[in-house]
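Asks: Test case, fold it:
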Amino acid sequence: MKHLGRLFLGLTAVLLLAACGQSGTTGQAPTAPAAAGAGPTAAAAPAGSGGTLKLGYSTWVGYGPLFIARDRQFYEQNGVKVELSKIEDPKLRFAALAAGQLDGLVSTLDALSLYYKPDLQIQAVLALDTSSGGDGIVAKKDIKSVADLKGRTVAYNPGSVSDFYLNYVLQQAGLTIDDVQGVSMKQDDAGAALVAGKVDAAVTWEPWLTKAKQAPDGQILTDSSKTPGLIVDVLIFRKDVIQSRKADVQAVIKSWMQACDYYKTNKDDAIAIMAKGVGGFLENPKDFADTLTGAQYYDAAGNQQYFVGQQAPVFKTAQFAIDLWAKQGKVDKSLKAADIIDNTLISK
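Replies: Predicted coordinates for the structure are as follows:
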């Protein structure tokens, strides 16, 4: 589905309410130790407008510091209340944002550009992490290169980062999405389908990258370590939330920076917190740590390099995504990277 219409929002409203109600959690945070120095972060702001900021997320190692900030009380210390709600499918996550069930969410830059609409004006305010091997394409062993995917069945999740990544690597190989036989599946199902021999290739992530590599007729054809800076997760809010609750948004940014610093100096505890918070297949701290090798967090310094400034790399990445979707007729050609990026809330 290329666009989220009003009918879709209406049909999914009950589901979204249930998902948010079941998954949202702030928990009883333990007593926090002294926070590590956060370096240059969002400008200090007094407690915001009150009320809880509801953020949607999915099971991904890159979102772990959100839970450090929660369980080590950085949100509370910075004067903001945050509720984290797990909604795996990006279509449902953005629908929840449009329906007002969420104030913000975490997702990839390409997804942000895809779901931006005149009636859903949303912007990234912070870079969270970049995939450096955590996403990839797994395939049968007789497929030797991306070019060999021509005419083969490829499972991927339309409208997700997998869709974007597949389009990019196909383009680099001189192909388009029309050159493969696409099979619509969520990332985990896609990986499982490849391992079971039901498709020729699949766009997926861990643990299915490892499982496919271990399968008798499976391999990792390519992964995101070969496309640095392409798949980047960002913190996204509706523009009305940014405008009306600027101090609260800045407090979330500051809390993320503190959480990244806490991870650097307290790795064992940080990984235990993140594994429990993110949950799913990452609930075991060892599995979380192993998967983290495929991602890199953007801390204060990382955001200064990637996200801050008029010529920041984030604009180039975002514009590439917009141009790719525009060629497929999925976004308006008039959309620009500056429309979906607000990098003014992080101090220099």
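
Asks: Was I right to think residue 238 contacts residue 122?
Replies: Yes - with contact defined as C-beta atoms under 8 Å, residue 238 counts as touching residue 122 (5.5 Å). (Glycine included, C-beta is placed from N, CA and C.)

Asks: Now the common contact residues for those two.
Replies: In terms of C-beta atoms under 8 Å, 6 or more residues apart in numbering, residue 238 and residue 122 are both contacted by the residues residue 97.

Asks: residues touching residue 306, list them.
Replies: 127, 130, 229, 232, 298, 312, 313, 314.

Asks: For the residue lying farthest from the centre of the chain, give me the pLDDT.
Replies: Distance from the C-alpha centroid of the chain peaks at residue 142, with 31.6 Å (C-alpha atoms, centre = their mean). We have a pLDDT of 97 for residue 142.

Asks: what's the farthest-apart pair in the contacts of residue 306?
Replies: The span of those, defined through C-beta to C-beta, is set by 130 and 312 at 13.7 Å.

Asks: between the two, which one's more packed in?
Replies: residue 130 (24 against 19; other C-beta atoms under 10 Å).

Asks: how close does the more buried one sit to residue 183?
Replies: In this view, residue 130 and residue 183 are 28 Å apart by C-beta to C-beta, to the nearest Å.

Asks: Adding pLDDT, secondary structure and distance to residue 261, write the contacts of residue 306 out as a markdown table.
Replies: A markdown table is the format used below for the contacts of residue 306 (pLDDT from 0 to 100; DSSP: H, G, I helix; E, B strand; the rest coil; distance: C-beta to C-beta, whole Å):
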| residue | pLDDT | secondary structure | distance to residue 261 |
| --- | --- | --- | --- |
| 127 | 98 | strand | 16 |
| 130 | 95 | strand | 18 |
| 229 | 84 | coil | 23 |
| 232 | 96 | strand | 20 |
| 298 | 97 | coil | 12 |
| 312 | 95 | coil | 22 |
| 313 | 95 | helix | 22 |
| 314 | 96 | helix | 21 |
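
Asks: Most neighbours out of the residues you listed, which is it?
Replies: Most surrounded of these: other C-beta under 10 Å gives residue 127, at 28 neighbours.

Asks: Pretty sure it sits against residue 313.
Replies: No - using C-beta under 8 Å, residue 127 is not in contact with residue 313, being 9.3 Å away.

Asks: So which residues make contact with the helix or strand harbouring residue 220?
Replies: If you go by DSSP states H and E, residue 220 is part of strand 218-223. With C-beta under 8 Å, 6+ apart as the test, strand 218-223 has contacts from 133-141, 143, 145-146, 149, 169, 194-195, 201, 209, 211-213, 294.

Asks: make it 7 Å
Replies: Residues outside strand 218-223 that contact it (C-beta atoms under 7 Å, 6 or more residues apart in numbering) are 133, 135-139, 141, 143, 146, 169, 194-195, 201, 209, 212-213.

Asks: Let me see the confidence value for the closest residue to residue 284 other than its chain neighbours.
Replies: Nearest non-adjacent residue to residue 284, counting by C-beta to C-beta, 6 or more residues apart in numbering: residue 275, 6.3 Å away. pLDDT recorded at residue 275 is 98.

Asks: which helices and strands does the helix or strand containing residue 275 pack with?
Replies: Assigning secondary structure by DSSP H and E places residue 275 in helix 267-278. Here helix 267-278 touches helix 65-71, helix 285-292, going by 3 or more C-beta pairs under 7 Å, 6 or more residues apart in numbering; DSSP states H and E.

Asks: Phi and psi next, for the residue lying closest to residue 134 once chain neighbours are set aside.
Replies: Using C-beta to C-beta, 6+ apart and skipping the chain neighbours, the partner closest in space to residue 134 is residue 294 (3.1 Å). Per-residue torsions, residue 294: phi -100, psi 10 (degrees, to the nearest 10).

Asks: So residue 294 sits against residue 129, correct?
Replies: No - Residue 294 lies out of contact with residue 129 (C-beta atoms under 7 Å); the separation is 10.0 Å.

Asks: Looking at the two, which one has more neighbours?
Replies: Set residue 294 next to residue 129 and count neighbours by other C-beta under 10 Å: residue 129 wins out with 27 against 22.

Asks: Using the three-state scheme, assign that one.
Replies: In three-state terms, and counting by DSSP: H, G, I helix; E, B strand; the rest coil, residue 129 is strand.

Asks: Can you give me the distance of it to residue 211?
Replies: Applying C-beta to C-beta to residue 129 and residue 211 gives a distance of 22 Å.

Asks: same thing with residue 346?
Replies: For residue 346, the distance to residue 211 - C-beta to C-beta - is 38 Å.

Asks: of these two, who's got more company?
Replies: residue 346 (22 against 16).

Asks: Check the more buried one and give its pLDDT.
Replies: At residue 346, pLDDT is 92.

Asks: for residue 21, same thing?
Replies: On pLDDT, residue 21 comes in at 35.

Asks: Tell me which residues touch the residue sitting nearest the centre point of the chain, please.
Replies: Centroid-nearest residue in the chain: residue 107, 2.9 Å away (criterion: C-alpha atoms, centre = their mean). Residues in contact with residue 107 (C-beta under 7 Å, 6+ apart) are 90, 93, 233, 236.

Asks: Break down the stretch 151-300 of the chain into its helices, ranges please.
Replies: 161-172, 187-195, 208-214, 239-244, 246-265, 267-278, 285-292, 300-306 (DSSP state H, counting those that start in this stretch).
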